[in-house]
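Participant: sharing a model prediction with you, sequence too.
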Amino acid sequence: MRDVRATAEPTTNTLARSWREEPRVVTRIEREAAVRSWLLLSAAGADTSRTDWDENGIALLRCGALFSTVRMSAELVEAAAGSNEPEKVRDVLTAALFGGPVFVDTHSGRYYALVPASTANRAEWRERRHAPHAEIRGRDSYVGVPRPGLDEPHPGRFSYWCVPMHGPADLCDPAAVSQLVAHGRHRLTTREAVSGR
């Protein structure tokens, strides 16, 4: 009579090994490609936006479906960071927003934090409590988003990711963005009071 355990054991070990697959390392190129594909789901025309990214480094994407953006003045963000040096601002944003994605448009002097689409429905943003230094861009809004991978300023290009997106749907915590904005507003108000304005 055959020993059933002898034949069953290798099968069990084989299954156990397949369930314990080694973690896979994702390269930066793969991550950026995944982020790019996810962001293009918000494009009016994916081919047009892809071409815009390739040629101009920026593409117009629709807010309110996959994500909304909190648009903040550079004055506010730099007050919150206590500096106008790009490296210092990047470090503060990375820490304060737990690595959530933020890009900057140096031409308009605005920072954009990507947040979940539902953020636009929150009372604190609907009531414009953070105006005039910050506002939500939700449904029916469009924003020029830099191509994933543009993580540094480039000559002739005004927008870049000061905190890159780490993966599809990896967005900022709205509460953290709200706290950052409140901190920046407090510092601006204190500065104005001290200068007598």
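Facilitator: That came in fine, so what should we check first?
Participant: and stretch 147-167, how far out from the chain's middle?
Facilitator: Per Cα atoms, centre = their mean, to the nearest Å, the displacement of stretch 147-167 from the mean C-alpha position of its chain is 11 Å.
Participant: let me see the ranges of the helices in the chain.
Facilitator: Using DSSP state H, the helices assigned to the chain run over residues 4-19, 28-40, 46-56, 74-81, 86-96, 123-126, 174-195.
Participant: now do Ser18, the pLDDT please.
Facilitator: If you check Ser18, the pLDDT there is 46.
Participant: and if you look at Ala131?
Facilitator: 75.
Participant: for it, give its distance to Tyr160.
Facilitator: Distance of Ala131 to Tyr160, given as Cβ to Cβ, to the nearest Å: 26 Å. The C-beta positions use only the backbone N, C-alpha and C, and glycine is treated the same way.
Participant: just the helices of the chain: most buried one?
Facilitator: Among those, the stretch with the highest mean neighbour count (mean count of other Cβ atoms under 10 Å) is helix 74-81, at a mean of 21.
Participant: residues making contact with that one?
Facilitator: The contact list for helix 74-81, computed with Cβ atoms under 8 Å, 6 or more residues apart in numbering, reads 84, 88-89, 92-93, 96, 104, 109-111, 133-134, 180-181, 183-185, 187-188, 191.
Participant: report the angle between that helix and helix 174-195.
Facilitator: Helix 74-81 runs at 90 degrees relative to helix 174-195, counting by axes from the mean of the first three to the mean of the last three Cα atoms, to 10 degrees.
Participant: show me the shaky parts of the protein.
Facilitator: 1-23, 129, 195-197 (pLDDT under 70).
Participant: center of it - which residue?
Facilitator: When Cα atoms, centre = their mean is applied to the chain, the residue found nearest the centroid is Pro101 (2.0 Å).
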